[in-house]
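Chemist: Have a look at this prediction, sequence included:
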Amino acid sequence: MGNYVPRLISSQIEEASKYFPVIVITGPRQSGKTSLCRHLYPDFHYVNLEHITTRTNALADPVTFIESLGDKVIIDEVQNIPELLSMVQVRVDENKALRYVLTGSSNFSLLKTVTQSLAGRAALFTLLPFSFKEMSEGNLDHSIERLMWQGQYPGVITDHIPPEIFYRNYYTTYVERDLRDLLNIKNLLAFDTFMRLLASRVGSEFNASGMAREVGVTPKTISEWLSILTTSYIVFPLRPYFNNVSKQLTKMPKVYFYDTGLLCYLLSIASPDKLDGHIMKGAVFENLAICELLKNQYNHSLDPNLYFYRERSGREIDALLVTPDGIDLYEMKAGKVFKPDFKANMEHLKSTIGNVRHTTVIYDGESFAPVSINIRQV
């Protein structure tokens, strides 16, 4: 607990705890869910279903197991035994004073069960790796290449694990453990090729058929693999913006990684110096900026509502955030010098779709809000 860094989402969770008997926190493995829960609820009984003995006991007799935990409980990685959620539902229905905090690193398997068993009883939150707002000035004092290369996982930032060691083990563990549980992937070499191809096309529209030809599997397999990466918080889709919602759902999304440290590892970028001048630097910077916008939404319990925009002519805007008060437009530029033409596409769209609230360039130079802002201050 000595290295604990306060998380912005904490106030949202504490407020929800006043009204909901169950708090559910999802997010990537090692994003800090356990540390957050134990910091916010130090007097709660804690159990981790990754522990084989604990999991065995819970599977053998779920009812007795839940009843033995007491009235205030943190259950880590609860997706390992989804049957427990039914027991939690029964208990909180019988006693509104009970309090449960549940965490999970598999979005689909956990949330599907939560919506079935705990609808109306649970408040849901997503915790991602650190945002820049959560990092100290000392941590942010590095070059942008260093910040992109090291990523923002607590293990790297607070435990000072060298990024090359952290991400190699993170990726290996994910492939060897999580994927074998989530999907029967027989050809791990093909999957590794898929992962690295996906990294090389970050920020580009996802084409399952084209990628299937390169990897040597079917488009259906590629789509299944992407779904698994999404549900386990490795990547996320960014859909195109259309006034017609059905088009947003059917047109090809872009794909980004939840953390640029893992992205750089998959791109075989061995150091910050190698990233400077790399052909993928602009795409990695764009990924970083998109993630900061996404984290800001999640940390304030807001729906992400992030999109990209592209016209048939090729005119494009990196990010479009829909809010109740209007639409915010963002362009991401990896350089340190602001150029007026950075805003050209946004000004065009502003006159096209209307209801635009702000147009902002996110780059690595001096902030002139709201026209432009340094990425460290997003």
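Modeler: Nice, thanks for sending it over. Numbers count the residues shown, from 1 in each chain.

Chemist: can you give me the helices for the stretch 251-378 of the chain?
Modeler: Here the stretch 251-378 of the chain has its helices, by DSSP state H, counting those that start in this stretch, at 260-266, 272-275, 281-299, 344-353.

Chemist: Can you pull out the low-pLDDT segments for the stretch 1-150 of the chain?
Modeler: The stretch 1-150 of the chain contains residues with pLDDT under 70 at 1-2, 107-112, 115.

Chemist: tell me the most buried of the helices of the stretch 251-378 of the chain?
Modeler: Stretch with highest mean neighbour count among the helices of the stretch 251-378 of the chain: helix 260-266 (a mean of 25; mean count of other Cβ atoms under 10 Å). C-betas here are computed from N, CA, C, even on glycine.

Chemist: who does that helix touch, helix- and strand-wise?
Modeler: For helix 260-266, the elements it packs on are helix 144-150, helix 163-173, helix 188-200, helix 281-299, judged by 3 or more Cβ pairs under 8 Å, 6 or more residues apart in numbering; DSSP states H and E.

Chemist: Would you mind pulling up the elements that the shortest one packs against?
Modeler: In this case it means helix 144-150. Applying 3+ Cβ pairs under 8 Å, 6+ apart, one finds that helix 144-150 contacts helix 260-266, helix 272-275, helix 281-299.

Chemist: got the ones you listed as CSV, with mean pLDDT and distance to Leu84 columns?
Modeler: Formatted as CSV, the helices and strands packed on helix 144-150 follow (pLDDT from 0 to 100; distance: least, Cβ to Cβ, whole Å):
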stretch, mean pLDDT, distance to Leu84
helix 260-266, 98, 30
helix 272-275, 97, 43
helix 281-299, 97, 25
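
Chemist: Looking at those helices, spot the one closest to Ser143.
Modeler: Nearest to Ser143, of all these, is helix 272-275, at 6.3 Å by Cβ to Cβ.

Chemist: ok, back up a step: among the helices and strands packed on helix 260-266, which is nearest Ile25?
Modeler: Closest to Ile25 of the helices and strands packed on helix 260-266, according to Cβ to Cβ: helix 281-299, at 10.8 Å.

Chemist: rewinding a little: quick one: which of the helices of the stretch 251-378 of the chain is nearest Lys336?
Modeler: Closest to Lys336 of these, according to Cβ to Cβ: helix 281-299, at 11.4 Å.

Chemist: Please report the distance of Gln79 from Pro28.
Modeler: Distance, Gln79 to Pro28, using Cβ to Cβ, to the nearest Å: 13 Å.

Chemist: quick one: common contacting residues for these two?
Modeler: The overlap between the contact sets of Gln79 and Pro28 (Cβ atoms under 8 Å, 6 or more residues apart in numbering) consists of Ser105.

Chemist: Quick one: closest of the helices and strands packed on helix 260-266 to Thr323.
Modeler: Ranking those by proximity to Thr323 (Cβ to Cβ) places helix 281-299 first, at 9.5 Å.

Chemist: Now do the closest one: which elements does it pack against?
Modeler: Using 3+ Cβ pairs under 8 Å, 6+ apart: helix 281-299 touches helix 144-150, strand 254-257, helix 260-266, strand 306-310, strand 316-323, strand 326-332.

Chemist: In JSON lines: the helices of the stretch 251-378 of the chain, plus distance to Arg99.
Modeler: Converted to JSON lines, these look like this (distance: least, Cβ to Cβ, whole Å):
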{"stretch": "helix 260-266", "distance to Arg99": "34"}
{"stretch": "helix 272-275", "distance to Arg99": "44"}
{"stretch": "helix 281-299", "distance to Arg99": "22"}
{"stretch": "helix 344-353", "distance to Arg99": "45"}
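
Chemist: Which one of these lies nearest to Ala123?
Modeler: Using Cβ to Cβ, these put helix 281-299 closest to Ala123, at 13.3 Å.

Chemist: how does this protein divide up, domain by domain?
Modeler: 10-126, 132-377 (automatic domain parsing).

Chemist: Span of the last one from start to end?
Modeler: Distance across domain 132-377, first residue to last, is 7 Å (Cα to Cα, to the nearest Å).

Chemist: Output the domains of the chain in a markdown table, with distance to Tyr4 appended to each entry.
Modeler: What follows is the domains of the chain, written out as a markdown table (distance: least, Cβ to Cβ, whole Å):
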| stretch | distance to Tyr4 |
| --- | --- |
| domain 10-126 | 5 |
| domain 132-377 | 8 |
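
Chemist: wait, which of these is closest to Asn3?
Modeler: Closest to Asn3 of the domains of the chain, according to Cβ to Cβ: domain 132-377, at 4.2 Å.

Chemist: Return the distance of the closest one from the chain's centre.
Modeler: Mean C-alpha position of domain 132-377 versus that of the full chain (Cα atoms, centre = their mean, to the nearest Å) differs by 10 Å.

Chemist: List the contacts of stretch 80-87.
Modeler: 49-50, 55, 58-59, 62-63, 65-66, 75, 78, 102, 109-110, 113-114, 116-118.

Chemist: switch to 7 Å and redo it
Modeler: Residues from elsewhere that reach stretch 80-87, judged by Cβ atoms under 7 Å, 6 or more residues apart in numbering: 49-50, 55, 58-59, 62-63, 66, 75, 78, 109, 113-114, 117-118.

Chemist: out of those, who's nearest Lys350?
Modeler: So of those, ranked by how close each gets to Lys350 (Cβ to Cβ), first place is Val114, at 39.7 Å.

Chemist: how about the helices and strands packed on helix 260-266, which one is nearest Leu40?
Modeler: Among those, if distance is taken as Cβ to Cβ, the winner is helix 281-299, at 14.4 Å.

Chemist: No further questions, thank you.
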